[in-house]
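[1] from the sequence below, what's the structure:
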Amino acid sequence: MAPPVDKDLFTFACKAAEDAAQLTLQWFQNSDLTADIKSDGTEVTDADRSAEDLLRSTISKEFPSDTIIGEEAKDSIGSSSRKWIIDPIDGTASFVRGVPLYSSLLAVIDEHGPAIGIIQLPALGESLIAGRGLGAYAGNELAKVSEVHLIEESCVSSSSFEQPWWPKEALLNITSSGAKIRTWGDGYGYFLVGTGRIEAMIDPSLYTYDIAAMLTIIPECGGKITTWSGESELEDKKGWVASNGLIHKSILNKLH
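    Got it, this is the predicted structure:
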């Protein structure tokens, strides 16, 4: 059993993540906001870059030997065993359209594995923070997953159900499972799982910065998170399932 994460480190991470998330509000629903298109076809704004720059600066000043991995800048490789993984705005497509469901994500991975996971939802004034062995909290309330046992009684979400992102057979199996199907996407969908508002979030392919925070959050909320193959290794462009744990096996069975 991995030891609990250091409480001072957890407090530092939560404050840094909150400051960066609040910074994004300077651009949110601003008529002057412009977006550039990256090589992978996704959007990026000054808000993304500024929030990540703030986090990188804050972390490197306090922990200069740590590795920092982010979406918008090159990796900074440190000499320690600890990694910080940043997604300054998860759901930039929502952000640039003035939709308040975007999130700011921060994760810490140490020599024992996932250590800290943070979802900030600045436009909604909500957050979900978790430290290994310290529990998970939505605001000041203990966060926990739902107790629904059957997929037919569940609500299942994904960032998108479009093809070819979703394999055709897996998509048909999920949409015909009897579950309520919604598209509360990106970090917000995982927030909903962790707080017990929906039962599962399924994405066919994610980058490490999209999912890293969830590897601490979902277990600390009492749920389960794995790849579509049932593994937990953090790699780019793998499919992931986060659930309340009770319907996890049923979902995996329908994805293959």
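[2] list phi and psi for L206.
    When read as degrees, to the nearest 10, the backbone of L206 gives phi -130, psi 150.
[3] what distance do you get for it to E147?
    Here the distance between L206 and E147 works out to 27 Å (CB to CB, to the nearest Å). Quick note: C-beta positions are derived from backbone N, CA and C, even for glycine.
[4] check L54 too.
    To E147, L54 is 39 Å away according to CB to CB.
[5] the more surrounded of those two?
    With neighbours defined as other CB atoms under 10 Å, L54 and E147 compare such that L54 has more, 19 against 11.
[6] what ranges does the stretch 51-200 of the chain have for its strands?
    67-70, 83-90, 103-110, 113-121, 126-131, 135-138, 141-142, 155-157, 180-182, 200-206 (DSSP state E, counting those that start in this stretch).
[7] need those in CSV with mean pLDDT, mean neighbour count and distance to K249, can you?
    Converted to CSV, the strands of the stretch 51-200 of the chain look like this (pLDDT from 0 to 100; neighbours: other CB atoms under 10 Å; distance: least, CB to CB, whole Å):
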stretch, mean pLDDT, mean neighbour count, distance to K249
strand 67-70, 97, 21, 31
strand 83-90, 97, 27, 27
strand 103-110, 98, 27, 26
strand 113-121, 98, 26, 21
strand 126-131, 98, 25, 23
strand 135-138, 98, 20, 22
strand 141-142, 97, 10, 26
strand 155-157, 98, 22, 14
strand 180-182, 97, 15, 19
strand 200-206, 97, 23, 11
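[8] could you export those strands as CSV, including distance to I77?
    Below are those laid out as CSV (distance: least, CB to CB, whole Å):
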stretch, distance to I77
strand 67-70, 5
strand 83-90, 9
strand 103-110, 14
strand 113-121, 18
strand 126-131, 24
strand 135-138, 30
strand 141-142, 36
strand 155-157, 35
strand 180-182, 39
strand 200-206, 22
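[9] out of those strands, nearest to A47?
    strand 83-90 (6.2 Å; CB to CB).
[10] and that closest one, how far out from the chain middle?
    9 Å (CA atoms, centre = their mean, to the nearest Å).
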